[in-house]
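> For reference, the sequence and a predicted model appear below.
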Amino acid sequence: MENNIFELQYALDTFYFLVSGALVMWMAAGFAMLESGLVRAKNTTEILTKNVALFAIACTMFLVCGYWIMYGGEDGLHGAVPFLSGITGDGVAEFEDTYAPSADFFFQVVFVATAMSIVSGAVAERMKLWAFLIFAVAMTGLIYPMEGGWTWGGKDVFGLYNLGDNGFSDFAGSGIVHMAGAAAALAGVLVLGARKGKYGPNGEVNAIPGANLPLATLGTFILWMGWFGFNGGSVLATSSVENANAVAVVFMNTNAAAAGGLIAALLVARIMFGKADLTMALNGALAGLVAITAEPSTPSALQATLFGALGGVLVVFSILTLDKLKVDDPVGAISVHGVVGLLGLLLVPITNPLTDDGGASFMGQILGAITIFVWVFVASLIVWFIIKAVIGVRVSEEEEFDGVDISECGMEAYPEFIGTGK
């Protein structure tokens, strides 16, 4: 009887893990639609190519080496790479968890792709496609797995200190996934430079509108939906009353934070610009989601709404500040995922303070944030500079003017309306 109960738990938790992973995978479509809507029409095909290619690269690199770097070794989770060890999930008795190890790998690999997707939008409209894809190999095969090992993998940071022992907690990845992706994006943007015409000679900021706001809105809704798998799946189980209740709370708080973030950003935009700015509203929803990701299980619904609203307010001011600093981010990814990712980490101790049973301290969160940012930013900067020296990272001025669809992909997304299409 006991064995039958365990097998039922195993089946339920494995199925839940896989469905959650599939929802997170669907976020790749959300990023693709959001980014293709916020860039100009002449750059649409290239950014879609980046998004579908980076997902495949992330899955392959994490399979070959990333999973082992993050979880392998004596202090790893399972101590094996699925591709090399042949883990299939058949040996239930070999693992203490109530889900298949291959399901764990699948759930983890879509998080890697999410981190890399954040980079895509920030460097849009002026980066060489193959330079970006080469960076994706390094990011998903080494840079992300290293910091993931120091956090979710429970490993010491270069053997010096353990973040978990110092009061660091990140439930679903405000810092580990989102801030890490933004740090890599920031490094890329600094190496790459701004788009031509974005900033005037006297410091003025010139708006470069996206081509398809319906697509951007669709992408936001897809990301909003996928986030239920992102946060909900991080409970890791649903086969007990306790876990089922935890999943329900996480879903509720995730949704509440997104709503709070959108409303707050919309109101701030109305006050500052006198108009209801759709792009700020969309980024506000995403900021709310990022803000609650570090700890969606302990706040009340009202607290989650307020945390999301803080993210929505912060993202508007962050986007404007980065523009003043001439950091050109076409989709606001650095602000949404980086600045608000840090906010999410700092909010954790409010509802989940450090105790003997776990939780977080403000100093622990700050230490973790610094560790993640410094490692990812510096490692990414080195990789970007190497790529720049070897093949270059930026398309020519003429190619940028004409749009990178033709020069990088040889086809246009909307040939009937722009460019050379007949």
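The structure has been received and is ready for your questions.
> C-alpha only now, for contacts and for neighbours.
OK.
> Show me which residues of the longest helix anywhere in the chain are buried.
When the chain is scanned for its longest helix (criterion: DSSP state H), the result is helix 2-38. With burial defined by 16 or more other CA atoms under 10 Å, the residues of helix 2-38 counted as buried are 9-38.
> Stretch 241-248 now?
Neighbour-count burial for stretch 241-248, with 16+ other CA under 10 Å as criterion, is recorded at 246-247.
> pull the CA atoms of it into PDB?
Taking C-alpha atoms only, stretch 241-248 is exported to PDB below (Å, rounded to 0.1, in the frame of the first residue of the first chain):
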ATOM      1  CA  VAL A 241      -2.400  18.800   0.600                       C
ATOM      2  CA  GLU A 242       0.400  21.000   1.800                       C
ATOM      3  CA  ASN A 243       2.000  21.200  -1.700                       C
ATOM      4  CA  ALA A 244      -1.300  21.700  -3.500                       C
ATOM      5  CA  ASN A 245      -2.100  24.600  -1.200                       C
ATOM      6  CA  ALA A 246       1.300  26.100  -1.800                       C
ATOM      7  CA  VAL A 247       0.800  25.900  -5.500                       C
ATOM      8  CA  ALA A 248      -2.500  27.600  -5.300                       C
END
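> about what we covered before: and the longest helix of the chain, what other elements does it pack with?
With contacts defined as 3 or more CA pairs under 8 Å, 6 or more residues apart in numbering; DSSP states H and E, the packing partners of helix 2-38 are helix 44-61, helix 101-122, helix 213-232.
> Please identify the most buried of these.
Ranked by mean neighbour count under mean count of other CA atoms under 10 Å, these are led by helix 101-122, which reaches a mean of 24.
> Run the angle between it and helix 44-61 for me.
Interaxial angle, helix 101-122 versus helix 44-61 (axes from the mean of the first three to the mean of the last three CA atoms, to 10 degrees): 150 degrees.
> chain center to helix 101-122, what's the gap?
Offset of helix 101-122 from its chain centre (CA atoms, centre = their mean, to the nearest Å): 8 Å.
> Tell me the first helix or strand C-terminal of that helix.
Of the helices and strands lying after helix 101-122 in sequence (DSSP states H and E), the nearest is helix 129-138.
> Tell me the buried residues in that following helix?
In helix 129-138, counting by 16+ other CA under 10 Å, buried: 129, 131-133, 135-138.
> quick one: which of those is nearest to residue 102?
residue 137 (21.8 Å; CA to CA).
> Kindly confirm whether my reading is correct that that closest one touches residue 57.
Yes: if you go by CA atoms under 8 Å, residue 137 and residue 57 touch, sitting 6.5 Å apart.
> mind listing what's buried in stretch 399-418?
Going by neighbour count (16+ other CA under 10 Å), the buried part of stretch 399-418 is 399-400, 403-408, 411-413.
> Keeping just the C-alphas, turn that stretch into CSV.
In CSV, the C-alpha atoms belonging to stretch 399-418 read as follows (Å, rounded to 0.1, in the frame of the first residue of the first chain):
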residue,chain,number,x,y,z
GLU,A,399,22.9,47.2,-42.8
GLU,A,400,21.4,48.8,-39.7
PHE,A,401,19.8,51.4,-41.8
ASP,A,402,18.3,48.9,-44.2
GLY,A,403,17.3,46.5,-41.4
VAL,A,404,19.1,43.3,-40.3
ASP,A,405,16.4,41.0,-41.7
ILE,A,406,18.0,41.1,-45.2
SER,A,407,21.7,41.2,-44.2
GLU,A,408,21.4,38.5,-41.5
CYS,A,409,18.6,36.3,-42.7
GLY,A,410,18.0,37.1,-46.3
MET,A,411,14.2,37.6,-45.9
GLU,A,412,11.7,40.1,-44.6
ALA,A,413,8.9,39.5,-42.2
TYR,A,414,6.5,41.9,-44.0
PRO,A,415,7.7,41.9,-47.7
GLU,A,416,4.4,43.3,-49.0
PHE,A,417,4.8,46.5,-46.9
ILE,A,418,8.5,47.3,-46.5
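> what comes into contact with that stretch?
With contacts defined as CA atoms under 8 Å, 6 or more residues apart in numbering, stretch 399-418 is touched by 41-46, 125-126, 128-129, 196, 395, 419, 421-422.
> and those residues, which are buried?
Applying 16+ other CA under 10 Å to the contacts of stretch 399-418 flags 41-46, 125-126, 128-129, 395, 419 as buried.
> Mind picking the lowest-pLDDT entry from those residues?
Minimum pLDDT across the buried ones among the contacts of stretch 399-418 is recorded for residue 419, with 53.
> and residue 2, what pLDDT?
pLDDT, residue 2: 67.
> Over to residue 96?
On the pLDDT scale, residue 96 is placed at 52.
> residue contacts, the residue lying closest to residue 314 once chain neighbours are set aside?
Leaving aside its sequence neighbours, residue 314 sits nearest to residue 340 (CA to CA, 6 or more residues apart in numbering; 7.0 Å). Going by CA under 8 Å, 6+ apart, residue 340 touches 287, 290-291, 311, 314-315.
> gap between the closest residue to residue 238 other than its chain neighbours and residue 277?
Nearest non-adjacent residue to residue 238, counting by CA to CA, 6+ apart: residue 244, 4.7 Å away. Using CA to CA, to the nearest Å, one obtains 38 Å as the distance from residue 244 to residue 277.
> Fine by me, we can end here.
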